[in-house]
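>>> generate coordinates for the sequence data below:
(2 chains)
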Protein chains: 2
Amino acid sequence: MELLLLSNGKANEFPGLLGWARERVQSLLARKQVKRILLIPYALIRSDWDERARDLGDSLGVEAISIHHFDDPVAAINQAEAIFISGGNTWRLNQQLHEQGLIVPIQRAVRERGVPYVGWSAGCNVATPSIRTTNDMPVCNAAVLPALGLFPLQINPHYLDASISGHMGETRDERLAEFCAINPSEYVVALREASLLQVSGDTLEYWSAREQDFKIFKHGQEPQAFMDAIPLAELTPFRVR
Amino acid sequence: MELLLLSNGKANEFPGLLGWARERVQSLLARKQVKRILLIPYALIRSDWDERARDLGDSLGVEAISIHHFDDPVAAINQAEAIFISGGNTWRLNQQLHEQGLIVPIQRAVRERGVPYVGWSAGCNVATPSIRTTNDMPVCNAAVLPALGLFPLQINPHYLDASISGHMGETRDERLAEFCAINPSEYVVALREASLLQVSGDTLEYWSAREQDFKIFKHGQEPQAFMDAIPLAELTPFRVR
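Numbering: from 1, shown residues only, chains lettered A, B, ... in the order given. Model (predicted):
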């Protein structure tokens, strides 16, 4: 299995979509001899899907085509050399994956055929067991929470321990503590901007373009910060690289 | 119908729970001759329910009792002189209202018996048609989105047009625009901290302790800011006071 789970798509000091992780994405595509990538843009509600595919292709120097150009999206997954899932609204994305019948085809492509999966923000959320740790508003009337489950722990992307001055609602840390109180057997991995988890075969690696830590939240424990994936080895089926 | 829908419970410069709106809440309780208020604390995941009831009673100078002390919560609603719904996690709150069978009893109490309803943050969200405009993480496995619908428009509490420095996820304005793009016939009222909507009989009023505006979001229109409820008169069955 080849997973690249990224907190976010853009970071100010690194131009271009996925610019902050470009070398890592390109190296994965080269290793798997990927010539064309398939973009799943369903999370984008107010942005143009073809423009996002162009931005992605330009930034990575490969051909990128959005899944909406295929009459049969399942066939598109079955033929894909690499699957890229864009950020945007996680609820809309997860709903579309379920409604278009793409959950099992993507799971099979990634798990059985080793097709690289690259997801950022909402695309990172749907790679986990459920979308319960997204930061988005639900927006849709029908809510489906179970997701692809390619990575076995919940991830909270765009994690920040700061809060907006004057905001009296719960902070992100409080929200994550609430999640853990309701789900005491589960762990949440909090990924800061410009940081990622990479699964390659049976190995797992953490990397941050800004050399920042990630945190693990668990009920009854103080959140702990780490600079490498070692503590995740005990919680996942992966070895740490 | 008597509704007080508040963006939030605490504001720094006004001590005590609902301190920023104390006079308005007390005046409503006096007018309706309320001696004892019923607190619905289900949104609180990590705070003590009795402590919240004590804070509320102390701040308002009335007796306050939490619904969890009643063997039959429906009977508690049926006997309530006033219903106060605390902020916290909107998903958990809405799930509990549905699971405990309280949706219809609360609707009847408020609509038919004129029992005052005071809700802040999550308690404000559940007074609207659905919880699709909450800012919370879902946290629960089962998601119920329809809510009490006492107020006919979606509200986004804790509204802020600022964003956290360094955050690359969508801003609140972008999330609300996404909601409107998916639901083009709907309006969202964005309530800033320390501001409220009050329904009394067939009249509607907007009030802000900091004399700030509120905004209305609608698909295809620039968000507009207002200092009084006049534009809401066209969108709701209420007259403006």
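>>> Provide a list of residues in contact with the one residue sitting closest to the centre of chain A.
With distances taken as Cα atoms, centre = their mean, A:C124 lies nearest the centre of chain A, 1.2 Å away. Residues in contact with A:C124 (Cβ atoms under 8 Å, 6 or more residues apart in numbering or on different chains) are A:5-7, A:87, A:155, A:157, A:191. C-betas here are computed from N, CA, C, even on glycine.
>>> okay, and which of those map to strands?
A:5-6, A:155, A:157, A:191 (DSSP state E).
>>> out of these, which is nearest to chain B?
Ranked by distance to chain B (Cβ to the nearest Cβ), the ones in strands among the contacts of A:C124 are led by A:P157 at 7.5 Å.
>>> quick one, strands of chain A?
According to DSSP E, the strands that chain A contains are A:2-6, A:36-40, A:63-66, A:83-85, A:117-120, A:154-159, A:187-192, A:195-200, A:203-208, A:214-218, A:224-226, A:239-240.
>>> most neighbours per residue, which of the ones you listed?
strand A:117-120 (a mean of 28; mean count of other Cβ atoms under 10 Å in any protein chain shown).
>>> just the CA trace of that strand, in PDB.
C-alpha atoms of strand A:117-120 as PDB (Å, rounded to 0.1, in the frame of the first residue of the first chain):
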ATOM      1  CA  TYR A 117      -3.200   7.300  -2.800                       C
ATOM      2  CA  VAL A 118      -2.400  11.000  -2.200                       C
ATOM      3  CA  GLY A 119      -5.000  12.900  -0.100                       C
ATOM      4  CA  TRP A 120      -4.800  16.300   1.400                       C
END
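>>> so for it, mean pLDDT?
For strand A:117-120, mean pLDDT rounds to 98.
>>> now stretch A:3-18
On average, stretch A:3-18 scores 94.
>>> straight-line length of that stretch, end to end?
Start to finish, the residues bounding stretch A:3-18 are 15 Å apart (Cα to Cα, to the nearest Å).
>>> buried residues, that stretch. List them.
A:3-11, A:17-18 (16 or more other Cβ atoms under 10 Å in any protein chain shown).
>>> is chain B within reach of that stretch?
Yes: with Cβ under 8 Å from any Cβ of the partner chain as the criterion, chain B is reached by stretch A:3-18 at A:8-12.
>>> what separates that stretch from the chain centre, distance-wise?
Relative to its parent chain, stretch A:3-18 has a centroid offset of 11 Å by Cα atoms, centre = their mean, to the nearest Å.
>>> burial count for A:P184?
The burial count assigned to A:P184 is 9, neighbours taken as other Cβ atoms under 10 Å in any protein chain shown.
>>> please tell me how far the spatially closest residue to it that is not a sequence neighbour sits from A:C180.
Residue nearest to A:P184 in three dimensions, not counting chain neighbours: A:H219, with 3.9 Å by Cβ to Cβ, 6 or more residues apart in numbering or on different chains. Going from A:H219 to A:C180 by Cβ to Cβ, to the nearest Å gives 4 Å.
>>> the two: which has the busier surroundings?
A count of neighbours by other Cβ under 10 Å puts A:C180 above the other of A:H219 and A:C180, at 23 against 15.
>>> go ahead and confirm A:I164 touches B:S165.
No: counting by Cβ atoms under 8 Å, B:S165 is not a contact partner of A:I164; they are 9.0 Å apart.
>>> columns distance to A:R172 on top of the buried residues of stretch A:3-18, output as JSON lines?
Output for those, formatted as JSON lines (distance: Cβ to Cβ, whole Å):
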{"residue": "A:L3", "distance to A:R172": "24"}
{"residue": "A:L4", "distance to A:R172": "23"}
{"residue": "A:L5", "distance to A:R172": "18"}
{"residue": "A:L6", "distance to A:R172": "18"}
{"residue": "A:S7", "distance to A:R172": "13"}
{"residue": "A:N8", "distance to A:R172": "14"}
{"residue": "A:G9", "distance to A:R172": "19"}
{"residue": "A:K10", "distance to A:R172": "20"}
{"residue": "A:A11", "distance to A:R172": "18"}
{"residue": "A:L17", "distance to A:R172": "24"}
{"residue": "A:L18", "distance to A:R172": "23"}
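>>> which one among these gets closest to chain B?
Nearest to chain B among the buried residues of stretch A:3-18, with distances taken as Cβ to the nearest Cβ, is A:N8, at 4.5 Å.
>>> who's in contact with the residue located most distally from the centre of chain A?
Distance from the C-alpha centroid of chain A peaks at A:G166, with 30.0 Å (Cα atoms, centre = their mean). By Cβ under 8 Å, 6+ apart, A:G166 lies in contact with B:160, B:162, B:193.
>>> the last one reaches B:L6, doesn't it?
It stands for B:E193. No: B:E193 is beyond contact range of B:L6, at 9.6 Å (criterion: Cβ under 8 Å).
>>> how about the contacts of A:C124 in TSV, adding distance to A:S59?
Putting the contacts of A:C124 into TSV (distance: Cβ to Cβ, whole Å) gives the following:
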residue	distance to A:S59
A:L5	18
A:L6	13
A:S7	17
A:G87	14
A:I155	23
A:P157	19
A:L191	20
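>>> and which of these is nearest B:L60?
Nearest to B:L60 among the contacts of A:C124: A:P157, at 40.3 Å, using Cβ to Cβ.
>>> show residues contacting the one helix or strand in chain A whose mean pLDDT sits lowest.
When each helix and strand of chain A is scored by mean pLDDT, DSSP states H and E, strand A:239-240 comes last, with a mean of 92. Under the contact criterion Cβ under 8 Å, 6+ apart, strand A:239-240 has outside partners A:202-205, A:228-230, A:232-233.
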